[in-house]
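J.: Output the structure for:
(3 chains)
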Amino acid sequence: MSTVHPTTGPAADAAPGTAAPAPSRKRPPMTDAERRARKRRRRRSALAGSVLRYLILGSWAIFCLAPVVWFLSIGLRPRTEIITPQPIYWPSFSLDAWHMIWADWPMGAYLRNSVLAIVGSVIIDLALAIPAAYSLARYHYKGRDDIGFYILSTRMMAPAIVAIPIFFLFKNLNLLDSVWALMLVYAALNLSLVTWIIRSYMLDLPHEIEDAARTDGASDLSVLFLVIVPMCAPGIVTAAVIAAIFAINEFLFTLLIASTQNAYTLSVALANFTGGSDGIIYNAIALVAFIAFLPILLLVLVVQKHLSRGLTMGAVKG
Amino acid sequence: MAQISLQSVSRQWGADYAVKNVDLTIDDEEFMVFLGPSGCGKTTTMRMIAGLTEVSEGSIHIDGERMDDVDPRDRDVAMVFQSYALYPTMTVYENIRFPLRMRDVPKADQDRLVREAAAMVEMEDYLDRKPGLLSGGQRQRAALARAIVRHPQVFLMDEPLSNLDAKLRSSMRVQLKRVQRQLKITTVYVTHDQIEAMTLADRVVVMNRGEIQQIGTPDEIYSNPTNTFVAGFIGSPPMNLIAGSLQQGRFSAPGLQVDGIALADGRRVTLGVRPEDATIATTPDTHLTGTLYGLEPTGDQTFVTVRTDEATIEVRGERGFRQALDTPIGIHLDTSRLYFFDTDSGRRLTA
Amino acid sequence: MATFAPASEPPPADAGKNGRAVRKPARRRPAWRRRLFPYLLVAPAVLYLLTITLYPGIYAIYQSLFFVRFDTWTFVGLDNYRELMGDEEFWMAMWNTVVIGGWALAIEFTIALTLAVLAYRDPFIRGWRIVFLLPMLFMPSAVSFIWKLAFNDGRVISDLLMGIGLIDGPLDFLGNVGLARLSLIVTDVWQWTPFLFIIFVAALQGQDPEVEEAARLDGASWWKLFWNISLPIMKPIIAVALILRAIDITTMFTSVFIITGGTPGGTTETISYFIYRIGFKTFNFGYASAASFVMLVITIVVAQLFVKRFFITSRA
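T.: Okay, the predicted model is just below:
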């Protein structure tokens, strides 16, 4: 039997070569040869399908990896070889860039600023978000949904919209070029995210545990901090990690606020790696990029099971 | 005296009443069971005693003190939940200790009290485990220990045995009752299982659709139901209810006739008779004739289902009783154990 | 079966706080305090957010009515807005944002969905996930530099294409409008496709495998399975993911700043960059504030229309 004819359903009856009399819907039983041929076909098309699938997935994987590997190689090249006609090859290995970033630039300061701003902003966020999330998740009161929506909407706000007023605010408070300003801004940008992620996890908790705690004598705050928070630990960690990553990535505000090594973070410091006649010093940039990449990778590995839930602020499970 | 008194207590949800006009007094040290089908308001009423649900109307007093606007934490009641509600991030020890921490019991006493409570429920060996690693029965006991540890005035239990398997349930029932007796704590126990109610209770409150149907000892509820709901709810298999009319001392319904009833005439009267108070007639002295609809031998007895034109009744027969289906059969009723109800209101009719 | 040990004696009548005879009178909490509590919990967060929304909003509106040069503010009323509406550069920036963002989003969505469908039942999914996630783990500024080097300063892309023989001479990714925009699109697609990918994979994996098996037994091909079963289930999730990504794309700034700076001739200048340039390069703050305010209004409208529907209704 050729591969073209459908072998099930009414169409089979209409196929030429079928010996069965007209009204019967029964197919003549397959011979062993036909059965084997069919199996072979199915396996072949399954194989072809698999090959195609892996081809597509593989191509994208290469597309993801290639720039990373290449950029890493850039970071490990001597100064003179960054921009060469054949940049794909890896001519020589050198730690020039590593020495450079510590010697010629305040790398330590950049790291310090980044860490302080991130840790500080996450602490602020958790302190504000945990009670707020609890209020949104477990209490019923007028305006609750509107308040929740308001908090959510700040996530939707483009940094550029408030960039100028915030700039002036810090200018007037004399907080420009300080890690404090960064901390406050990052906290504000991420608060909505952190609140909604934690709220999502709190909603999943069984109500009876709270009833038990209340009859056991716990005040509302005790219930929150002694019972609810420990049970939400995965959600809180996820929220903190995602907020930290967004804080590391932040560019616009940091660009406006920072002007010296007092406040430059890794993200914006990348734009500093220029050296007059050398132009942009890419091997330094590449190394710093990887220095920032490693902790982010570790954090993401820790929360990877919760990542999609965190990024969609609870809208998607798993 | 940890007496609980509810006066005209109601709970409203918009226009609907989850609990309507409950008047109830639970005596000190009494084991009171709230019994009824799902949604009857028994859990809501208990939660109002706990303070977890607000009272819409009426007032609740515990030990003479008015409790409506008092938080659960200050009411000195302890609750055992159907799902145990143990704190999953704490060990059993920490779980049991929690109420003592919350009440600022001196640290020196905490350890002793925790261990005593654990010993009472035989959980001393599991104190370091987290709830996730315990079996259902063990979790139940841990939850009980947590309730016991602070020697509250009142125990509230919300179907604590429903999540256990049948064998465990019956042994836990016995132990629960012993604990309550020993500790002498007023207890409110909510269940939909009438066997639990009958075996555990000092008194039972039967509820349906938010309203109290009857309050009484298990015996009273069983032998003296005040309406068809209580009559039909208690007893397994349930009481047979047959609608008919009563005229000059004679109750008649299709296939059924009983004389000598000392009640006023009524056009719509329902007769109630328990399966164990009806026997298969061996003499022509029958009250009810119908056809044999079903036979269920259970080893020690046989449940016989008989059908008339309008009613189906169940009778307890001898263990060896056998007869062909769809053949005529006569039933004799114990006329001293008949109940009569008004068909429309369900209310019990008494002389 | 369990037997309980005999109870210890109940503590003597005058025992401490756990004894029965001594009990402090119950504390009453007035109803108004109970009602106030949830508001108090949520207040700090709300107040904090108001300082970055309400305050800047008011400030921006106010400032947009002035011509600001350093410390001198001259009231100009709605002139800034009038000028803005007629400003070619402003409309160009809006258009750029739409074009670049639109293409990037479309491409990201298609690729992410395809990959997710192909990968979600794969036994090696964990491996794919890590590799595919890689681009998202670099700082956006770093990613911008990667592609800046690849497209422009290092001519890597051009060299590759020439090596394959597709083109004859090096491509100018800065001077050509289409190519410049393309470089930004590629940058965004490379970095953010993973975002959509993991969300889609999670959504597909969240499907009941038994539903899939039933469909397969019923004879559904993989395409029919996807179109009739998986896709309808995924619709709300796709909506959420797209909304989030769309909102973030319209704020495209970092790559513009680092790679093109708006060239050629302002054709890659997104609206965020426009505001930045007007404010911090030409120091025309009043005008920039007007543009900011317009963006704010658009954001509010979009939020009301889309976000409310998809986020609030997905959770009780």
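
J.: Please name the nearest non-neighbouring residue to B:Asp63.
T.: B:Ala2 (5.1 Å; C-beta to C-beta, 6 or more residues apart in numbering or on different chains). Heads up, the C-betas are built off the backbone N, CA and C, glycines and all.

J.: helix or strand right after the lengthiest helix in chain B?
T.: Secondary structure of chain B per DSSP state H: the longest helix is helix B:166-183. With elements assigned by DSSP states H and E, the helix or strand that comes after helix B:166-183 is strand B:186-191.

J.: right, is the longest helix of chain B up against chain C?
T.: Yes: contact of helix B:166-183 with chain C (C-beta under 8 Å from any C-beta of the partner chain) involves B:167-168, B:171-172, B:175, B:178-179, B:182-183.

J.: With only the CA atoms kept, save that helix in CSV.
T.: In CSV, the C-alpha atoms belonging to helix B:166-183 read as follows (Å, rounded to 0.1, in the frame of the first residue of the first chain):
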residue,chain,number,x,y,z
ALA,B,166,-11.9,4.0,60.1
LYS,B,167,-10.0,1.8,62.5
LEU,B,168,-7.9,4.6,63.8
ARG,B,169,-11.0,6.7,64.1
SER,B,170,-12.8,4.4,66.6
SER,B,171,-9.8,4.0,68.8
MET,B,172,-9.1,7.8,68.8
ARG,B,173,-12.7,8.4,69.8
VAL,B,174,-12.3,6.4,72.9
GLN,B,175,-9.1,8.2,73.8
LEU,B,176,-10.4,11.6,73.1
LYS,B,177,-13.3,11.1,75.5
ARG,B,178,-10.9,9.8,78.2
VAL,B,179,-8.7,12.9,77.8
GLN,B,180,-11.6,15.2,78.1
ARG,B,181,-12.8,13.4,81.2
GLN,B,182,-9.4,13.5,82.8
LEU,B,183,-8.8,17.1,82.1
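
J.: mind giving me the domain split of chain A?
T.: Residue ranges for the domains of chain A, per automatic domain parsing: A:1-14+A:28-75, A:100-311.

J.: of all those domains, which lies closest to B:Met79?
T.: domain A:100-311 (4.5 Å; C-beta to C-beta).

J.: Just the strands from the chain, written as ranges.
T.: No chain in the question, so chain A it is. For chain A, no strands are identified by DSSP state E.

J.: wrong one, I was asking about chain C
T.: C:66-69, C:72-75.

J.: looking at the ones you listed, which is closest to chain B?
T.: strand C:66-69 (53.2 Å; C-beta to the nearest C-beta).

J.: Name every strand pairing with the closest one and say which way it goes.
T.: strand C:72-75 (antiparallel) (DSSP bridges).

J.: CA atoms only: put the strand it pairs with into PDB for me.
T.: C-alpha atoms of strand C:72-75 as PDB (Å, rounded to 0.1, in the frame of the first residue of the first chain):
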ATOM      1  CA  THR C  72      15.700  79.600  36.000                       C
ATOM      2  CA  TRP C  73      12.100  78.600  35.400                       C
ATOM      3  CA  THR C  74      10.000  80.600  33.000                       C
ATOM      4  CA  PHE C  75       6.300  79.900  32.800                       C
END
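
J.: which non-adjacent residue is nearest B:Ile148?
T.: Nearest to B:Ile148 is B:Ala117, by C-beta to C-beta, 6+ apart, at 4.6 Å.

J.: Now for that neighbour, how many residues are close by?
T.: 26 (other C-beta atoms under 10 Å in any protein chain shown).

J.: swap in the one 4 residues further on?
T.: With neighbours defined by other C-beta under 10 Å, the count for B:Val121 comes to 25.

J.: which strands and helices sit next to the longest helix along chain A?
T.: Taking DSSP H as the assignment, the helix of chain A that covers the most residues is helix A:32-75. Applying 3 or more C-beta pairs under 8 Å, 6 or more residues apart in numbering or on different chains; DSSP states H and E, we find helix A:32-75 packed against helix A:282-303, helix C:88-119, helix C:125-133, helix C:140-148, helix C:177-205.

J.: mind showing which ranges of the chain have poor pLDDT?
T.: Since no chain was named, I'll use chain A. A:1-27, A:80-91, A:275-278, A:318 (pLDDT under 70).

J.: not quite, I wanted chain B
T.: B:1, B:351.

J.: Domains in it, by residue range?
T.: Split by automatic domain parsing, chain B gives B:4-232, B:239-342.

J.: ok now the first one, how far from the chain's centre?
T.: Right, domain B:4-232. With C-alpha atoms, centre = their mean, to the nearest Å as the basis, domain B:4-232 stands 13 Å off its chain's centre.

J.: Span of that domain from start to end?
T.: Domain B:4-232 stretches 28 Å from its first residue to its last (C-alpha to C-alpha, to the nearest Å).

J.: try the shortest one
T.: One end of domain B:239-342 to the other measures 15 Å (C-alpha to C-alpha).

J.: Tell me how far it lies from the chain's centre.
T.: Going by C-alpha atoms, centre = their mean, where domain B:239-342 is centred and where its chain is centred differ by 27 Å.

J.: dump the residue contacts of the residue in chain B that chain A sits nearest to.
T.: Per C-beta to the nearest C-beta, the residue of chain B with the smallest distance to chain A is B:Met102, at 3.3 Å. Neighbouring residues of B:Met102 by C-beta atoms under 8 Å, 6 or more residues apart in numbering or on different chains: A:216-219, A:222, B:73.

J.: What's the local residue count around A:Pro230?
T.: Neighbour tally, A:Pro230, other C-beta under 10 Å: 13.

J.: which residues touch it?
T.: Going by C-beta under 8 Å, 6+ apart, the list of residues near A:Pro230 reads B:87, B:89-90.

J.: Also A:Glu210?
T.: A:138, A:223, A:227-228.

J.: quick revisit: distance of the residue of chain B closest to chain A relative to B:Met46?
T.: 21 Å (C-beta to C-beta, to the nearest Å).

J.: for B:Glu122, same thing?
T.: In terms of C-beta to C-beta, B:Glu122 sits 27 Å off from B:Met46.

J.: same check, this time on B:Asp69
T.: 18 Å.
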